[in-house]
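*Asks:* Let me see the structure of the following:
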Amino acid sequence: MSSFWNTQQVAEILHQKISGPSREITSITTDSRSATPGCLFVAIQGDAFDGHDFIPQAIEKGAIAILTERPLSTAAPEVTVFQVSSTLNAVRELAHAYRKQFDIPFIAVVGAVGKTTTKELISSLLLGKYEHVLKTEGSQNGFLGIPLTLLALKPETQIAVIEIGIDEIGAMDQHLALVEPTHAILTAIGPEHLHQLKTVEIAAEEELKAFDYALQEKLPIAINLSDEFVSQWFQNHQFRLISDFFRTYSLHGSHNPQFLGEYRPEKAELAVRTNEWTESFHLPLPGEHHAHNLLAAITMVSMLGLTPSQMKAGLARFKTAYGRTEIHTLVLDGAHGASRGTGEVRIIGDHYNSNPTSAIAALKLLAQENASGTTHAVLADMLELGDDEERFHRELASSILSFSIGHVWLYGDRMRWLQDELHQRGYSHSRHFATHDELIRALRPELHSGDRVLIKGSRGMKMESVLKALLEI
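*Replies:* Take a look at the predicted model:
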């Protein structure tokens, strides 16, 4: 951490007074396990743990300052204590003050689907030009994750890619005020967090606040013309946009984008044509939706001056985020009675999150895998879809039938709706399970050489345990 941090500086930001000399703070952490000598420990009350319970451990590890909502239970005269009404709000104040010390590009990546993968792709492409790129780790894109990302900035950081997620009205405004991005990209609009956002239209209005902010501040934006909400925003505001401050993109030429992409699955590549150049890029993740994510990333980094050769150099360093279209190969050897025969099964692990848009994209990818055997869709509940959650689950039946998915394995109470819908439509190759273990025991013997498996579900459904069990066959 920069020498920007000391106890006096923290006190000034939080409008508090401290006694005694100022002391340098070496780092800021919310995890007592990561506490080191000289750190400031921030006690956050979470869903599963309360950071206040771990203050003694942080002090034992050398924390010299504590940010807390409660008085310390035991006296620690060698520790500076900052007591506030909300440690979450306080850490966001600290992060904002720190962010303002950096005069570098900050790219905001927003949208209902594709954020994390697009963020990872942008970050990789940037490595073709920049040596020190900060990015959001995983999907830490909320009220705590965003400030922790900003607090990870280092003096040598040259550019930052910040993923912004929203789950309530007004969240985007707060996140934009914190990050103060210099560039923005909105991946796509779709059903997300509708338990609080209520409708897709409201979700779209909230997401598009990122573009409203960029328009007001005259910031460069990458515009997805394939999305109806984004395209409509563009039509409504096109006359106010400065030509050098936006680029449009799409995989469909009918939209007349400035960056036109062509997905070539047989070559695992994306061809991109602009007015200045035409190039083909290796697609590190299969599927048309990932081709679109790569096109979005290419469009964004082009506004930062990257050349196609720099983009390709950076793309070669891409690593997929955990639980996002992980491609695994299960080798069948006929042992342990787990599967019949020998050979290989390809497994797509896309278990970090799920919503109707991403689930349909994943099913389409499964269908395009050119399996010599059977395609298996292992699907768990899509969470936080609000009052229309039954409809969204039932509607997946249309994609399963149109993509000719061979077998469907379902887990979760909400997936009973899909099971019922499939039966009503005459599809007889689906089964529903009450537990992971029951699903795994039933699925294992049905896997044969050449089969393809998709594992998809919202984070709370913990479908990574199913993937892990299958790979341990």
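*Asks:* Can you give me the distance of residue 131 to residue 301?
*Replies:* Residue 131 is 15 Å from residue 301, where distance means CB to CB, to the nearest Å. Using the backbone N, CA and C atoms, a C-beta is placed for each residue, glycine as well.
*Asks:* got it, and residue 239?
*Replies:* In terms of CB to CB, residue 239 sits 27 Å off from residue 301.
*Asks:* Residue 207 too?
*Replies:* Taking CB to CB, one finds residue 207 at 21 Å from residue 301.
*Asks:* Residue 131 and residue 301: which is more packed in?
*Replies:* The neighbour comparison of residue 131 against residue 301 (other CB atoms under 10 Å) goes to residue 301, with 29 against 10.
*Asks:* Just list what the helix or strand hosting the more buried one packs against, helices and strands only.
*Replies:* Assigned by DSSP states H and E, residue 301 falls within helix 288-302. Counting contacts by 3 or more CB pairs under 8 Å, 6 or more residues apart in numbering; DSSP states H and E, helix 288-302 is packed against helix 115-126, strand 183-186, strand 221-224, strand 246-250, strand 259-264, strand 269-273, helix 308-315, helix 356-367.
*Asks:* Tell me if residue 138 really is in a strand.
*Replies:* No: read with DSSP: H, G, I helix; E, B strand; the rest coil, residue 138 is coil and lies in no strand.
*Asks:* List the contacts of the residue nearest the centre of the chain.
*Replies:* By CA atoms, centre = their mean, the chain has its centre lying nearest to residue 116, at 2.8 Å. Residues near residue 116 by CB atoms under 8 Å, 6 or more residues apart in numbering: 138, 139, 141, 163, 321, 324, 352.
*Asks:* For residue 325, give me its contacts.
*Replies:* Listed by CB under 8 Å, 6+ apart, the contact set of residue 325 reads 117, 285, 286, 287, 290, 348, 349, 350, 362, 365.
*Asks:* Next up, the contacts around the fifth one.
*Replies:* Same thing as residue 290. Contacts of residue 290 (CB under 8 Å, 6+ apart): 117, 283, 284, 325.
*Asks:* would you list the helices and strands packed on helix 288-302 in CSV and tack on mean pLDDT and distance to residue 8?
*Replies:* Putting these into CSV (pLDDT from 0 to 100; distance: least, CB to CB, whole Å) gives the following:
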stretch, mean pLDDT, distance to residue 8
helix 115-126, 96, 34
strand 183-186, 98, 34
strand 221-224, 97, 39
strand 246-250, 97, 43
strand 259-264, 96, 49
strand 269-273, 97, 51
helix 308-315, 98, 40
helix 356-367, 91, 47
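*Asks:* got CSV for the ones you listed, with distance to residue 200 too?
*Replies:* Shown next, in CSV, are the helices and strands packed on helix 288-302 (distance: least, CB to CB, whole Å):
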stretch, distance to residue 200
helix 115-126, 16
strand 183-186, 14
strand 221-224, 16
strand 246-250, 20
strand 259-264, 25
strand 269-273, 28
helix 308-315, 32
helix 356-367, 10
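*Asks:* ok, the residue nearest to residue 381 when sequence neighbours are not counted to residue 418 distance?
*Replies:* Distances taken as CB to CB, 6 or more residues apart in numbering place residue 412 nearest to residue 381, at 3.3 Å, with adjacent residues excluded. Relative to residue 418, residue 412 is positioned 9 Å away (CB to CB).
*Asks:* same deal with residue 85?
*Replies:* Distance, residue 85 to residue 418, by CB to CB: 45 Å.
*Asks:* who's more crowded, those two?
*Replies:* For the pair residue 85 and residue 418, the greater number of neighbours falls to residue 418 (25 against 7), based on other CB under 10 Å.
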